[in-house]
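Student: Mind looking at a prediction? Sequence and model below.
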Amino acid sequence: MSEAERRDMRTMRPPMPMGRGGMRPGMPVQKPKDFQGTLRRLSRYFKPHLWRLAVVLLMTILSTLFSILSPDVMKNATDDLVAGIRHRLHGIPGSGFHLSGIIHVILELGVLYVLSALFSYIQQFVMAGVAQKTVYALRKEVNAKMARLPLSFFDSRPTGEIMSRFVNDFDNIGNTLQQTLTQLISSVVTFVGVIVMMFSISPWMSVVVFLTLPLSFYVTRTIAKRSQRYFVGQQRSLGQLNGHIEEMYTGHQIVKAFGLEDRAMSQFIEYNEKLFESGWKAQFISGMIFPLMNFIGNIGYVLVSVIGGFLVTRGAIGIGDIQAFIMYARQFSQPITQLSSISNIIQSTVASAERIFELLDEEEETPEPAEPVLLSAPTGDVQFKDVRFAYQPDKPLMEHLNIEVKAGQMVAIVGPTGAGKTTLVNLLMRFYDVDGGSIRIDGVDITRLQRGHLRSMFGMVLQDTWLFHGTIRENIAYGRAGATEAEVVAAATAARADHFIRTLPDGYDTVLNEEASNISQGQKQLLTIARAILADPSILILDEATSSVDTRTEILIQEAMSRLMEGRTSFVIAHRLSTIRNADLILVMNHGSVIEQGTHEDLLARRGFYAELYYSQFAGAPA
Amino acid sequence: MRNLFPYLRPYRFAIVFIVTFIFIQCLGNLYLPTLMSDIVDYGVLKGNLHYIVTTGLLMLAVSIASVCFSIAASFLSSRTASSFGKVLRREVFAHAQTFSLHEFDELGTSSLITRTTNDITQVQQLVNMMLRMMIMAPLNCIGGILMAVYTDAKLSLILVVMVPVLAAIIALVFTRATKLFRTMQAKIDTLNRVLRENLTGIRVIRSFNRVAYEQDRFDVANFDLTNTTTRVQKIMAVMSPALMLVINLSVIAVIWFGGMRVERGTMQIGSLIAFIQYITQLLFAIMMVSMMFFMIPRASASANRIWAVLQTKPDIVDPVAEDAQASRTEYGQVEFRDVTFRYPGAETPALSHISFVARPGQVTAIIGGTGAGKSTLVNLIPRFYDVNEGVVLVGGVDVRAQTQSALRAKIGYVPQKSVLFSGTIADNIRAGRQDASDEEVRRAAEVAQAIEFIEEMPDGFASYIEQGGRNVSGGQKQRLAIARALAKQAPIYIFDDSFSALDFRTDARLRAALRDEVQEATVIIVAQRVSTVRDAHQIVVLDEGRIAGVGTHDELIDSCQVYREIVASQMAEGESA
C-alpha cells in the first residue's frame, strides 16, 4: 500500500463529523485578503501546543519516510527470488534460494510497516487534541468578544450571518487543522522522498517518469479552468432556486389564496433546469480529473515496465527495481492533484480565519469608567440634557433633546410606527451612546456608571418576546439570579401568568421549545412581564408590551402593572392612547425625534401632531 | 434511503451502462499488472525485447480504452445524479404546493425549506458517490479476487484470513464512531441554539445583566462539544493506520508464501509482483467501501426527511370533477352554520358552534382578544383548513364542494402578516389578477393609500421589492398587500387584522376609501381596535372560540358584556358613547 493511496484514504475520510465535500478542481474558493498576515495570526493560537505540534511534525515525517522506504526494502526480496531463479535457470548447483535473506527482508519490512502505522496513529491522535483545543479557544474568544460588542454591531447584521461564521468557519478551521496540515506535510515529504528514491534506483527511468509531470499540471489546470465556469453557474442557480423555494414556502398562504401555484411552479422549473444544466457539467468536468490522472499514472506505469524491462535485460537494474519503481511512479502524479486541492482548502480556511479575526477586531463598547459611581438606592429621576444622537452620522435623528422625568412618574411615548421609539430605549439603557449632551439618572451621567449596574436599574418588556430553551420556571427566574420558587410564583401570579402555567401539563416545568411555539404569543408576553416583575427594577420600560395580549387580559395586566409602577419611573411605549392618557408626561415622536411633549391636556390644547393622532383614532376620520 | 430508489428507475439503462463501463475499466486496470508480469516473465527474464515492446503497446492500448470507459461512465453518472436531484426536487416542490396550511404547520416552513434544498443536495451527492465509488469499489473487489485466484489460487487463501480481519476493524470503529457522531451532532445543535438565543436575545440578556451567565452557558456547550469531537477524532485516528497495517502485513505474507512457491517453481516471479498489486487494489477497494458506510447515515437521514414530505398527504383535496359545484345564488355571501373546528391534536376546539351570515354589500367585523379564534375563523373561508363540524358556505355552496381554485378566485384576502414576493411593485399588485391593466393596478394602490409612497420611490410602480419585502416598511408592506387583494376585484374581501401596522390616520383614510370602493362586495374585517370596527354593519364578538354577540356597535354596547369590556379597555367613557 503506497503512501499516495494512504493520503487518498485520508482525503476520503468520512465527511462527518462536520462535513466538507471534497475539493474538486475549479470549485470556487473564497480567497483571503491578507493571506500571510492572517496565517501568522492564526499560528499564534498554536503557541500553547508547540511541543505537541513538534511531535505531530516528527511523526508525520517519520511515518511518511518509513512508508517511502518500504518499496525499496521490498525489492530486495524480489531480487533475491530472481537471483534464485536465474541460478536455477543457469543450472548453478547448490546455490538455490536464500530464504534466510528473504526472512531478513520481511522482518525489516514488518518493522517499517508497524512503525509507520504507529507513528501515523500518534500523529492523528495528537493532532485531534490540538485541532479541537484550538477551535475551542477561538470559539470562546469570539463569544467573549461578542459580549463586549456594542448593540450597533448586532443591529447592522442579520443573525444568520453571524451564525454562519460560527458554524461554517469554525468547521472549516477544525477540519483543516485535523487533516489538511498533516496532509500537506506528508505530500511534500512524499514528493521529495519519492524523487530521491527514484533517482537512487535509476536516473534514466526517473527522467521518463518526470516526463509525465507537465502533463499532470496541464490536465489539472485545464480542468480547473473549464469547470470553474460551471461551478459559478451552479452556485448562482442554486442561490436563485433556494431563494425561490424559501419565498414560495414562507408565502404559501398567499400562493394558495391567490392561486399562484402554477406561476410558482413554472418559475421553479426554469431555475431547476438551469441548475441541472450547469450542475451536471460542473460534476462531469471536475470529475474527469480522476480518470485522467489515473491514465497519466498508467502511462508512467507502462513506460516503467517497458523501459525498465530493457534496462533489466541490459543488466543495468534488477527486477526488484522495476517493482519498486512501479510503486514510486504511482504515487508520483498524485501529490500534484493533492497539492492543488490542499492549497484551495488552505485558502478557504485562511479566509474563514480572516472573517473570524475581523469579528475579533470589531470596535468594542466604550470602556467602563475608571471610577464608577454606585447608586445604591436609585430613586429614578431621569434627565435628558441637550441630547444629540444619530445612527448614521449623515442622518441626524435627535438634536438638543431635553426631557425631565421625576422619580415615580409615568412617561408615555407615542407616535406612528418607525417613529424611533426604540431609540429612546437604546439610549436610556446605553445600548447606544449619545453623540452629544448627556443622560442622567438621579443627577449622575449614565456614562459614569458601569453598564451592568445601569441596566440592573431597568426592567424591560420588549415587543419581541425573547425566551430561551428551558423550563418556564427558568425563564421567569432569569429576571433575577437566585430567585426562590415562591418569588417566581409570586411574579407569575402578579403578571396573571400563574393560571395558564398551571393548566399546562407540566406546569412550571414545561420546557419551552426553540421558537417557544408551544405557548401562544400572549402567553409569552405574560412570561416576559413576570420576568420583569421579578427583577424588581427602579425604572420600567414597557415596549408595546401588551399589544398581543387580548384586551381583557390586558386590563388584568394593567392592574398588575400599575401596582408595579407605583414608586417607579416608567416609560411606556404603546399604540393605544387610552393606556397612556393618565401619563405624567407624553413624548410624541415622529421621524426619530421627540416633536412634542407634555400632558394629555396640554398636547390636545396645542392642536398639533398629537391632537391629530388622537382624534383620528376616535373620530374615524382625520380631524 | 431505499424509499427514494424508485426515483432512480428512469435511469436504469444509464445505470446498467455505468456499471458495465466501470467494470470494464476495472478489468483494464487489473489487466495491466498481468501484462507487466508477462513482460517480466517472458520478456525480461528471457531477454525478448520485441515482446517487451509489443506488450508495452498493448498496455498503452488498455490504458486508453480504460480511460475512455471511465470518462463515459463519469459522463453518465454526472447526468444521472443531477437529473435525479432535479426530478426529486421538482416532485417535492410540486407536492408541497398541494399542501394546506395544516401540513405546513406540521412539518414547519423552515424545515420544509431545508428538506427541499439541503436535504436533496445531500441525497444527490450520495447518489453521485454511489454511481462512482460504490459501484467501482465492489467491482474492484470482485475483479481483484478473480485475478488473484486466477493467478494463484492457493496463494489467495491469504485473503481468507485478511478480509475478515479488515471487516472486524471496520465494524468496530464504525459502531463506536457512529454513536459518537450522533451525540456530537446533538451537541453541535445545542451550541448553535445557545448562540442563536444569545444573538436574538441580546437586549434582554444585557438588560438583565446576565452576560456572564450566558458566557458560562456557552462555555459549557462549547467544552462539551469539544470533548466529544476530540473523542470522535481520536477513534477515527485508529482507522486508517490499522487498516493500512493489515494490508501491508498481508503483502508481507504474500512475499513469504509466494516466495516459497517461486522457490518450488510453482509460481513465476512476475506473477508474484502482479499478485501483490492485485491484493493491494482489492484491500484498498474494501476500505473504500468502508468509507461509504460513514456517508450513508447522514444522507439517509436526509432521505428520510424528504420521504416524509412525499408521504404527507394533503388534508384538503378538491372534490372529484363531477361533484364540484359552482356557487349558485347569493354570489358573495359567506355563511357559517354551526361550525366547530379544532386544530389537529388540540384538546379544546379553537371555534365552537359558530353561526353567522356575512352579506354582500355589508361590512362584517370580527373582534375579540388574542386566542379568541378570529384568524382561525377567516382561514376557514378560503378553506385553508377544513371544519370538524358544521358547514362554511360561500355563494350558497359548501366550500368543500367547490374546487379550491374556483373558491379562492372569489376571495380577495389580506393576511395578518403581509407577505410580498420579490419582483416589482406592479408585479406584486398584479399577483391578485394577472390581467389587471395598469390603470387598475394604479387604482388599487390609490385605494390602499399606497400611491403616495410608491410615487416617492425612484422607479414608481417598477420599483423592485426584495425578497421578503425587506426594502419596504411594515406599513408599506401592509398597504401593498391590501392593493394586491383589491386588484383582484373579488366579490369577497377578507382583511385579517390588516391595518395593525398603519398609523391611525392612514387607517382611517384607508377605511373611508375602501367603503366607496367595495360597495357591492362582502367585506370581512378582523380587528383589535374598536375604532376599526365601530362603523361595520355587523360585528361578531368572539370570546374563546365562541360567539359572545352579534350586532352593530350600539346594539352590542347594550347587550354584550365582552364587547363592553373591550371598548372600555380602549376608550375613555366620554368618547365611547
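Tutor: Done, it's in.
Student: Run a quick check on residue A:470 versus residue A:512, I expect a contact.
Tutor: Yes: the pair residue A:470 and residue A:512 qualifies as a contact (Cβ atoms under 8 Å) at a distance of 6.6 Å. All C-beta spots, glycine's among them, are computed from the backbone N, C-alpha and C.
Student: Of these two, which one has the most company?
Tutor: Shown here are residue A:470 and residue A:512; by other Cβ atoms under 10 Å in any protein chain shown, residue A:512 has more neighbours (19 against 14).
Student: Relative to residue A:63, how far out is the more buried one?
Tutor: The spacing between residue A:512 and residue A:63, counted by Cβ to Cβ, to the nearest Å, is 51 Å.
Student: From chain A, how far out is residue B:196?
Tutor: Applying Cβ to the nearest Cβ, to the nearest Å, one obtains 6 Å for the distance of residue B:196 from chain A.
Student: Mind giving me the packing neighbours of whatever helix or strand that residue lives in?
Tutor: Taking DSSP states H and E as the definition, one finds residue B:196 inside helix B:157-200. Packing contacts for helix B:157-200, counted by 3 or more Cβ pairs under 8 Å, 6 or more residues apart in numbering or on different chains; DSSP states H and E, involve helix A:99-148, helix A:159-164, helix B:211-264, helix B:269-311.
Student: By mean pLDDT, show me the worst of those helices.
Tutor: When those are compared on average pLDDT, helix A:159-164 comes out lowest at a mean of 76.
Student: touching chain B at all, the helix or strand following that one?
Tutor: Scanning the chain past helix A:159-164 towards its C-terminal end, the next helix or strand to appear is helix A:170-175 (assignment: DSSP H and E). Yes: judged by Cβ under 8 Å from any Cβ of the partner chain, helix A:170-175 and chain B are in contact via residue A:174.
Student: tell me the centre residue of the chain?
Tutor: As the question left the chain open, I've gone with chain A. Central residue check for chain A by Cα atoms, centre = their mean: the C-alpha nearest the mean position is that of residue A:166, 2.1 Å away.
Student: looking at chain B here, not the other one
Tutor: Chain B has residue B:115 as the residue nearest its centroid, 2.2 Å off, counting by Cα atoms, centre = their mean.
Student: Surely it is in contact with residue B:305?
Tutor: Yes: taking contacts as Cβ under 8 Å, residue B:115 lies within contact range of residue B:305: 5.0 Å.
Student: What residue spans form the domains of chain A?
Tutor: Domain ranges of chain A: A:1-15+A:32-201+A:338-364, A:382-616, per automatic domain parsing.
Student: Adding distance to residue B:42 as columns, could you present those domains in CSV?
Tutor: Shown next, in CSV, are the domains of chain A (distance: least, Cβ to Cβ, whole Å):
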stretch, distance to residue B:42
domain A:1-15+A:32-201+A:338-364, 13
domain A:382-616, 72
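Student: Quick one: closest of those to residue A:255.
Tutor: Closest to residue A:255 of the domains of chain A is domain A:382-616 (Cβ to Cβ; 22.1 Å).
Student: The closest residue to residue B:167 other than its chain neighbours: what's it in contact with?
Tutor: Using Cβ to Cβ, 6 or more residues apart in numbering or on different chains and skipping residues adjacent in sequence, the residue nearest residue B:167 is residue B:286, 7.7 Å away. Residue B:286 makes contacts with B:137, B:141, B:163, B:166, B:167, B:170, as judged by Cβ atoms under 8 Å, 6 or more residues apart in numbering or on different chains.
Student: ok, of those, which one's closest to chain A?
Tutor: Nearest to chain A among the contacts of residue B:286 is residue B:137, at 10.9 Å by Cβ to the nearest Cβ.
Student: burial measure for the closest one, as a count.
Tutor: With neighbours defined by other Cβ under 10 Å, the count for residue B:137 comes to 21.
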